[in-house]
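**Q** pasted the sequence and its predicted model underneath.
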Amino acid sequence: MEFSGLIASNAGLPNSGVVWQNREIFFQRMEVAPMDRLEAMSTFLTVVEHGSLSAAARRLKTPLTTVSRNVSELESHLRTKLFNRSSRRLVLTDTGASYVAACKRILTDVTEAERTASGEYTAPTGELAVTTPLGLGRVILMPISPTSSRSIPISTSE
């Protein structure tokens with residue numbers, strides 16, 4: 001076994017002096033990607049609704065460590081505790097309770113904005129199938145249907 005070539009070449013690692021001199025750049029690369037605040041808020045609300053980190057992890061179908069990390073990163077970002085934790089209980093702080101209402105409002109607003117932007121509220125999508133006797137459809141349903149749906153062709157099958 002010859003390890004001297006591996007040790008002499010530093011196994012492809014940079015010289016430790018270079019790493020120390022460029023430590024700011026080196027450690028910036030090691031930093032984790034910034035927290036997704038909307039995801040963290042959603043995770044936080046799921047924890048509150050289900051009463052525990054474990055139940056929230058099962059509901060979200062994500063590892064417990066991910067749920068715990070999201071809540072911890074959110075608390076770090078806010079610089080406050082949202083929960084008082086013990087080995088048996090998870091209790092919202094006063095700050096956490098007020099933050100729940102804000103998160104619900106924010107996530108609802110984001111969902112509504114996405115629906116509006118995608119046109120979900122402005123144009124009907126999908127297929128509408130109505131099964132009636134032919135006479136009932138033409139005499140009763142067609143006169144009361146919205147004007148826009150009259151342009152939709154009627155298919156009859158017997």
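**A** Yes, it's here. Residues are numbered from 1 along each chain as shown.

**Q** so the residue nearest to L82 when sequence neighbours are not counted is in which element?
**A** Excluding the flanking residues, the one nearest L82 by CB to CB, 6 or more residues apart in numbering is G96, at 3.7 Å. Glycine gets a C-beta too; all of them are placed from N, C-alpha and C. In the assignment (DSSP states H and E), G96 maps to helix 94-118.

**Q** which residues of this protein fall in strands?
**A** In the chain, the strands defined using DSSP state E lie at 83-85, 90-92.

**Q** does the residue nearest to L82 touch K81 like I think?
**A** Yes: using CB atoms under 8 Å, G96 is in contact with K81, at 7.4 Å.

**Q** quick one, which of those two is more surrounded?
**A** Higher neighbour count among G96 and K81: G96, with 22 against 12, using other CB atoms under 10 Å.

**Q** count of residues packed around K104?
**A** Neighbour tally, K104, other CB under 10 Å: 13.

**Q** isn't it right up against L45?
**A** Yes: applying CB under 8 Å as the test, K104 and L45 come out as touching, 6.6 Å apart.

**Q** output the lowest mean pLDDT helix or strand found in this protein.
**A** Lowest by mean pLDDT, DSSP states H and E among the helices and strands of the chain is helix 4-8, with a mean of 48.

**Q** mind listing what's buried along the helix holding G96?
**A** For helix 94-118, the neighbour count (16 or more other CB atoms under 10 Å) marks G96, Y99, V100, C103 as buried.
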